[in-house]
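**Q** give me coordinates for this.
(chains A, B and C)
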Amino acid sequence: MNFNKILAFFIPRDRIFFTLFSKSSENLVEIAKVLTELVNATVPEKRAELNKMIADLEHVGDDITHNIFTELSTNFITPFDREDIHYLASSLDDIVDFIHGTSKRMDLYKIEESTIAMKKLAEIIEKSAKEIHVAVSNMENMNNPIRIREAIVRINSLENHADDIFDGAIADLLNNETNAVKVIKMKEVLANMETATDKCEDVANVIESILVKNS
Amino acid sequence: MNFNKILAFFIPRDRIFFTLFSKSSENLVEIAKVLTELVNATVPEKRAELNKMIADLEHVGDDITHNIFTELSTNFITPFDREDIHYLASSLDDIVDFIHGTSKRMDLYKIEESTIAMKKLAEIIEKSAKEIHVAVSNMENMNNPIRIREAIVRINSLENHADDIFDGAIADLLNNETNAVKVIKMKEVLANMETATDKCEDVANVIESILVKNS
Amino acid sequence: MNFNKILAFFIPRDRIFFTLFSKSSENLVEIAKVLTELVNATVPEKRAELNKMIADLEHVGDDITHNIFTELSTNFITPFDREDIHYLASSLDDIVDFIHGTSKRMDLYKIEESTIAMKKLAEIIEKSAKEIHVAVSNMENMNNPIRIREAIVRINSLENHADDIFDGAIADLLNNETNAVKVIKMKEVLANMETATDKCEDVANVIESILVKNS
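**A** Next up is the predicted model:
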């Protein structure tokens, strides 16, 4: 909040949204990187440390989202449609929440070894997060719409890829794993990761819609 | 996209939404019919063919939805509230997605025999799709609001019926099936079918709201 | 509908929303109280009676929600943003639906003894419902914004508490219960209760946003 108030003196009021969105997507890249580390970590202490980092970054994301909502409620002028700002902020927050949900479940269900599907999904989430950061950072001046469009195409294609990995992994579990409780645990973790990529697609969709309206 | 552009020369700009919604609900009826065939098919090759048809029709539906969103972003004049157009298009798309989700899961989980509940739910989805097509096709001139209202009432009543079938089938599974992995598989398939009928209700709700505003 | 029409003659048109929201949150408190009784009931006949009461109160809630939507469609003037009215009504309705979903599953899955987690979650839902009623009842004159803000803070903190109880209960089930079908049943019931608290948080969020816009 303090950071926000200081900025408010230097930045034209409607510019502050770009600053906050950029902070939000930067934080998303951070948490996505830690998730990749987590699914590749083999030492329990390391995993505990990474889970803690993810929980902390989720809090940071919450604060940024809250700041965007506060600005939206109090600012008369916005750089693009209010509902698009709301949707973009919520969707960015949702991705972070599902990454946090993944880490929380791995911890609570004592999942000590990540499957190949989990590692692939973490990689896709990290790649999508980076493309989102590129798209969001280029929104302010809209002077590189081609780069934004490329990011959108990549995010959509990454989400399709995630769907296939998820469907295959679930079918594999249901057809081959006889321990049903293990099936439930893994299904929960994988579903959280797949939903994170769905939310990345939501972000791409709203950015595309903003782009169309402002071109 | 081409079809859309050609139409744009002949149809007043805001009329194009009715054309596109009618195409969307027509495609919905098609995919719902194939689902009914699928749950009644006993030959594996036939099922594979029907699964392929459903996947293709889902792509057709995606293209129509995308066209509606593009028109919405670029058209200044719309025949009714922009958010209602967006919600109607999304909900029609959601029904198609959940039908596709049902077929994909039946295939991936190697479900070779449909239960009575599955057959009943497919029948309800097909009936709801036909009522939706009637309602949507009558929206352009609003000259038959009674027929639209009848369709809305039927869709709501079909959704209630689907809820009861779903609840009964899940309770039956959980109380009588001891193979938990089988429970998980069937629960997933039935939940996809039930959610398809929820989305039919969403379509009925938004059409009702459009009707009230324009009467 | 009749009640609504009679009121319409006595209350300035845009005031009716406060009356209806107050009825909605009052009904929410009622159904939440019955849920607490249900998870503490040990006699089957008593449970059957309480399940019936919950189903009836869910119908009452549906009617109130429907009335709010009808007023929204036909009233030109609203006391605050139309989309906030819609969202508030839907979220209140969602809480009631998830309470009903909890009772329905306890009945269908023949759950004869509630766990400590279920009892704690029911208590949290009832407390949240009461805070929501306080906040909603104070919205008309906005003459006690401090009391509304206190309620919002409490609802958010109750939701966080519910998350922890839910996560702990699921982890406990998945790590210690070997009967997977039992795990699925309990997971469904607990998830319905936890989602009810999520919807309470949605209500708190929209009231906060209305407060900010009108202060």
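
**Q** ok, residues contacting stretch A:203-212?
**A** The contact list for stretch A:203-212 (Cβ atoms under 8 Å, 6 or more residues apart in numbering or on different chains) reads A:80-81, A:84, A:87-88, A:91-92, A:95, A:132, A:135-136, A:139, A:142, A:145, A:148-149, A:151-152, A:155-156, A:159, B:69-70, B:73-74. In short, each C-beta sits where N, CA and C put it, glycine included.

**Q** all helices for chain A, in order.
**A** With DSSP state H as the criterion, chain A has helices at A:2-10, A:16-40, A:44-74, A:82-108, A:116-137, A:145-176, A:180-213.

**Q** just put those in CSV and tack on mean neighbour count.
**A** Below are the helices of chain A laid out as CSV (neighbours: other Cβ atoms under 10 Å in any protein chain shown):
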stretch, mean neighbour count
helix A:2-10, 11
helix A:16-40, 21
helix A:44-74, 17
helix A:82-108, 21
helix A:116-137, 22
helix A:145-176, 17
helix A:180-213, 21
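
**Q** now those as CSV including mean pLDDT?
**A** Formatted as CSV, the helices of chain A follow (pLDDT from 0 to 100):
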stretch, mean pLDDT
helix A:2-10, 57
helix A:16-40, 97
helix A:44-74, 95
helix A:82-108, 95
helix A:116-137, 97
helix A:145-176, 95
helix A:180-213, 94
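
**Q** out of those, nearest to residue B:124?
**A** Nearest to residue B:124 among the helices of chain A is helix A:145-176; the distance by Cβ to Cβ comes to 25.3 Å.

**Q** center of chain A - which residue?
**A** residue A:95 (3.1 Å; Cα atoms, centre = their mean).

**Q** pretty sure that one sits against residue A:196.
**A** Yes. Residue A:95 is within contact range of residue A:196, at 5.3 Å (criterion: Cβ atoms under 8 Å).

**Q** so how far is residue C:84 from residue A:83?
**A** 12 Å (Cβ to Cβ, to the nearest Å).

**Q** what do you get for residue A:15?
**A** Distance, residue A:15 to residue C:84, by Cβ to Cβ: 26 Å.

**Q** list the contacts for the closest residue to chain C within chain A?
**A** Closest residue of chain A to chain C, Cβ to the nearest Cβ: residue A:180 (3.4 Å). Contacts here follow Cβ under 8 Å, 6+ apart; on that basis residue A:180 touches B:180, B:181, B:183, B:184, C:180, C:181, C:183.

**Q** of all these, which two lie farthest apart?
**A** Spatial extent of these (Cβ to Cβ) is set by the pair B:181 and C:183 at 12.2 Å.

**Q** can you list the residues of chain A near chain C?
**A** Applying Cβ under 8 Å from any Cβ of the partner chain, we find that chain A lies next to chain C at A:69-70, A:73-74, A:83, A:104, A:108-110, A:180-181, A:183-185.

**Q** just the CA coordinates for stretch A:72-79, please, in PDB.
**A** Only the C-alpha atoms of stretch A:72-79 are listed here, as PDB (Å, rounded to 0.1, in the frame of the first residue of the first chain):
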ATOM      1  CA  LEU A  72      -9.800   0.400  -9.900                       C
ATOM      2  CA  SER A  73     -12.400   1.400  -7.300                       C
ATOM      3  CA  THR A  74     -11.000   4.900  -6.800                       C
ATOM      4  CA  ASN A  75      -9.700   5.800 -10.200                       C
ATOM      5  CA  PHE A  76     -12.100   7.500 -12.500                       C
ATOM      6  CA  ILE A  77      -9.900   7.100 -15.600                       C
ATOM      7  CA  THR A  78      -8.500   3.800 -16.600                       C
ATOM      8  CA  PRO A  79      -6.300   2.900 -19.600                       C
END
